[in-house]
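**Q** One predicted model, sequence on top.
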Amino acid sequence: MRTIRTVGEVRAALAGGGRIGLVPTMGALHDGHLSLFRAARAENDTVVASLFVNPTQFDDEADLGAYPRDEARDARLADGAGVDLLFAPPLEEMYPAGFQTWVEVEKASSGLEGDARPGHFRAVATVCLKLFNIVHPAHAYFGQKDAQQAAVIRRLVRDLDLPLEIRVLPTVRDADGLALSSRNVLLSAEERARALALPRALAGGAETYRLGGDAVAAARAELNGLTPDYVELLDLDGALVLAAAVQVGSIRLIDNVLLHGELR
Ligand code: AMP
């Protein structure tokens, strides 16, 4: 695996690279990211992972400052999971002086995370569009963990006729059910134990839904004292998910479960 830092180097490295699979990440890699790398490895000739902590998608300075970073570890893990090219650009490569162009996916970006984090999806959509234009992937891989993000990117691709397919893969969890997240390392042992109420509440909501009941109300009732930012239903390209965000100490966690339909 090679680590490269400029758009010019990416284009040179990928010339004649066959079908390219792209996995955008912000690093601090875990098994959730690795599952996307392996899926990309299985159906492309060349696998590119990007590693860029995109500052414009953070609405909270403290969250950006605390975001875990360890490029050497990330490079080892990506290499082991079949990545050919790690694109780790510096800030000025992605946002050159005078940068002023943004893409807004209107309806898909409203509600849930979009309301809780103003400007977040505009920044996510813009950086993903830039990555698609830099890498020209046949497939790009995203996690169900960020279900609304996947919905925003699917809409972006459809609306702007981008020549790639979006794959959405299931959320990878720890054995106790907590969804893997780069931010989990920031939880104390006590906070991590309290955070388990989130996947349990969502599982409870899904069970209630199967029995014909109100998934949102059931999940809210099982949060065990965690304060939700929201608990809501979200349509992800025909699949119905129950999504929630909670604050645990200073860390904000999101998660969701599939209620109906299939992820593609
Ligand atoms: P991030 O580095 O947090 O921006 O995530 C990069 C990609 O990995 C996104 O498409 C996420 O949805 C996905 N991802 C994050 N956590 C998980 C997880 N636990 N399981 C599967 N995919 C994940």
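**A** Thanks, I have it.

**Q** How many residues are close by the residue in the stretch 101-250 of the chain positioned nearest to the ligand?
**A** Across the stretch 101-250 of the chain, the shortest distance to the ligand (Cβ to the nearest ligand atom) belongs to G143, at 2.3 Å. For glycine as for every other residue, the C-beta is placed from the backbone atoms N, C-alpha and C. Other residues lying near G143 total 23 when counted by other Cβ atoms under 10 Å.

**Q** Now do the same contact list for I20.
**A** By Cβ atoms under 8 Å, 6 or more residues apart in numbering, the contact list for I20 reads L14, N44, D45, T46, V47, V48, V135, H136, P137, A138, H139.

**Q** quick one: is stretch 32-42 near the ligand?
**A** Yes. Stretch 32-42 reaches the ligand (Cβ under 6 Å from any ligand atom) through G32, H33, S35, L36.

**Q** Please, which helix or strand holds the first one?
**A** Read it as G32. Using DSSP states H and E, G32 falls within helix 31-43.

**Q** what about the nearest residue to L86 once chain neighbours are set aside, is that helix, strand or coil?
**A** Using Cβ to Cβ, 6 or more residues apart in numbering and skipping residues adjacent in sequence, the residue nearest L86 is T3, 4.5 Å away. Using DSSP: H, G, I helix; E, B strand; the rest coil, the structure places T3 in strand.

**Q** Generate a PyMOL selection restricted to the buried subset of the contacts of I20.
**A** Buried members of the contacts of I20 can be picked out in PyMOL with the line below, counting by 16 or more other Cβ atoms under 10 Å:
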select buried, resi 14+44+46+47+48+135+136+137+138+139
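
**Q** Okay, and which of the contacts of I20 map to strands?
**A** With DSSP state E as the criterion, strands contain T46, V47, V48, H139 from among the contacts of I20.

**Q** The first one contacts A15, correct?
**A** Spelled out, it's T46. No. The pair T46 / A15 is not scored as a contact, 10.7 Å apart, by Cβ atoms under 8 Å.

**Q** tell me the contacts of A219?
**A** Residues near A219 by Cβ under 8 Å, 6+ apart: A201, L202, G204, G205, T208, V231, L242, A244.

**Q** Would you format the residues you listed as CSV with distance to V10 and secondary structure included?
**A** What follows is the contacts of A219, written out as CSV (distance: Cβ to Cβ, whole Å; DSSP: H, G, I helix; E, B strand; the rest coil):
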residue, distance to V10, secondary structure
A201, 42, helix
L202, 38, helix
G204, 45, helix
G205, 42, helix
T208, 47, helix
V231, 40, strand
L242, 38, strand
A244, 37, strand
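
**Q** Among the residues you listed, which one sits closest to Q149?
**A** Of all these, A244 has the smallest distance to Q149: 15.0 Å, by Cβ to Cβ.

**Q** Now do the helices in this structure.
**A** 7-14, 31-43, 61-66, 71-80, 91-94, 112-116, 120-135, 147-159, 189-195, 197-210, 215-221 (DSSP state H).

**Q** Please point out which parts of the fourth one sit buried.
**A** Yep, that's helix 71-80 we're talking about. Neighbour counts using 16+ other Cβ under 10 Å place D74, A75, L77, A78, D79 of helix 71-80 among the buried residues.

**Q** Look at the closest residue to A62 other than its chain neighbours and say how many residues are nearby.
**A** Excluding the flanking residues, the one nearest A62 by Cβ to Cβ, 6+ apart is S250, at 7.5 Å. For S250, the count of nearby residues is 14 (other Cβ under 10 Å).

**Q** Find me the pLDDT at S250, would you?
**A** Listed pLDDT for S250 reads 93.

**Q** what about stretch 78-85, average pLDDT?
**A** 98.

**Q** Now do the end-to-end distance for it.
**A** 9 Å (Cα to Cα, to the nearest Å).

**Q** again, but for stretch 166-186
**A** With Cα to Cα applied, stretch 166-186 spans 30 Å between its terminal residues.

**Q** Show me which residues of that stretch are buried.
**A** Counting neighbours by 16+ other Cβ under 10 Å, one finds that the buried residues in stretch 166-186 are 166-169, 171-172, 178-184, 186.

**Q** What residues does this structure have near the ligand?
**A** Going by Cβ under 6 Å from any ligand atom, the residues of the chain near the ligand are 25-26, 32-33, 35-36, 142-143, 145-146, 169, 171-172, 179-182.
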